[in-house]
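Enquirer: quick one, structure for this:
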Amino acid sequence: MTPVTTVAGTAYPWGAKNVDTDVIIPAHWLKTIKRSGLGKGAFETVRAQPGNLFDDPRYAGSPILIAGDNFGCGSSREHAAWALADMGVRAVIAPSFSDIFSGNAFKNGIVPVVLPQPAIDRLLVAAADAEITVDLETMTVTTAYQDRFPFELDPFRRRCLMEGLDEVGLTLAQDTQISNFEGAASVARPWVEGRRRYEGIAVAGSRRT
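Expert: Reported below is the predicted structural model:
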């Protein structure tokens, strides 16, 4: 996972409430197990509407999405986070998120930023002609108009995002401890390494007796 310290740039000023995962990525895109390519299907039903925000050249490639309350509700499909990441979104700012979506976003290097509705309203206005910055060092969202909104994030999730640690990375970071444990376990409980080796030790032991 790519480390995230700051996310800065233009932002999609959407603000829609109760956006479910079927809106983020429709069900017929769920046949794939690959994370790449899903950006093409992101917000497909919204993009079918003429003059939609996501095809507006002013916001093309924006790394930030400003949404409304209860973003990511509905199914637990991780494809929703994959689709957002594939279209280049690295942070979503909203008053609240579905718990499952928030977890999936975190695991895929997307920062879920919770801000109160008045802050969201201000960002929706500012995003029309100003860049927005999400800073994990200072835990603030700022704009070119000197707006400054503090936010909170679970310390563990913040560390993982900033160090680029997903579940695999967290496991590999404990490689030495895991190896030491397995070495001690193979001595104390030889059967954990397989029946054949255990039987071999048992036979050797019976010969000595």
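
Enquirer: can we go C-alpha only for contacts and neighbour counts from here?
Expert: Will do.

Enquirer: give the contact list for the spatially most central residue of the chain.
Expert: Centroid-nearest residue in the chain, with Cα atoms, centre = their mean: residue 105, separated by 2.4 Å. Contacts of residue 105 were listed using Cα atoms under 8 Å, 6 or more residues apart in numbering, and they are 81, 111, 112.

Enquirer: got a markdown table for the residues you listed, with neighbour count too?
Expert: Below are the contacts of residue 105 laid out as a markdown table (neighbours: other Cα atoms under 10 Å):
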| residue | neighbour count |
| --- | --- |
| 81 | 29 |
| 111 | 27 |
| 112 | 24 |
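
Enquirer: restricted to helices, list those residues.
Expert: Among these, the members found in helices (DSSP state H) are residue 81.

Enquirer: all strands for the protein, in order.
Expert: Ranges of strands within the chain are 6-9, 11-13, 64-66, 91-94, 111-114, 132-135, 140-143, 148-150, based on DSSP state E.

Enquirer: quick one: which of those strands is nearest residue 175?
Expert: Closest approach to residue 175 among the strands of the chain (Cα to Cα): strand 111-114, 27.0 Å.

Enquirer: helices or strands up against that closest one?
Expert: Here strand 111-114 touches strand 91-94, helix 99-107, going by 3 or more Cα pairs under 8 Å, 6 or more residues apart in numbering; DSSP states H and E.

Enquirer: mind doing that once more with 6 Å?
Expert: strand 91-94 (3 or more Cα pairs under 6 Å, 6 or more residues apart in numbering; DSSP states H and E).

Enquirer: residues touching the strand it packs on, excluding its own?
Expert: Contacts to strand 91-94, defined as Cα atoms under 6 Å, 6 or more residues apart in numbering, come from residues 64, 65, 66, 67, 68, 69, 110, 111, 112, 113, 114.

Enquirer: contacts for stretch 38-48 next, please.
Expert: Contact with stretch 38-48 is made by 23, 24, 25, 83, 86, 87, as judged by Cα under 6 Å, 6+ apart.

Enquirer: end-to-end on that stretch?
Expert: Chord length of stretch 38-48, first to last residue, is 16 Å (Cα to Cα, to the nearest Å).

Enquirer: gap between it and the chain center?
Expert: Relative to its parent chain, stretch 38-48 has a centroid offset of 19 Å by Cα atoms, centre = their mean, to the nearest Å.

Enquirer: list the buried residues in that stretch.
Expert: 38, 39, 41, 42, 43, 44 (16 or more other Cα atoms under 10 Å).

Enquirer: same thing with stretch 67-83?
Expert: Buried positions in stretch 67-83, judged by neighbour count with 16+ other Cα under 10 Å: 67-74, 76-83.
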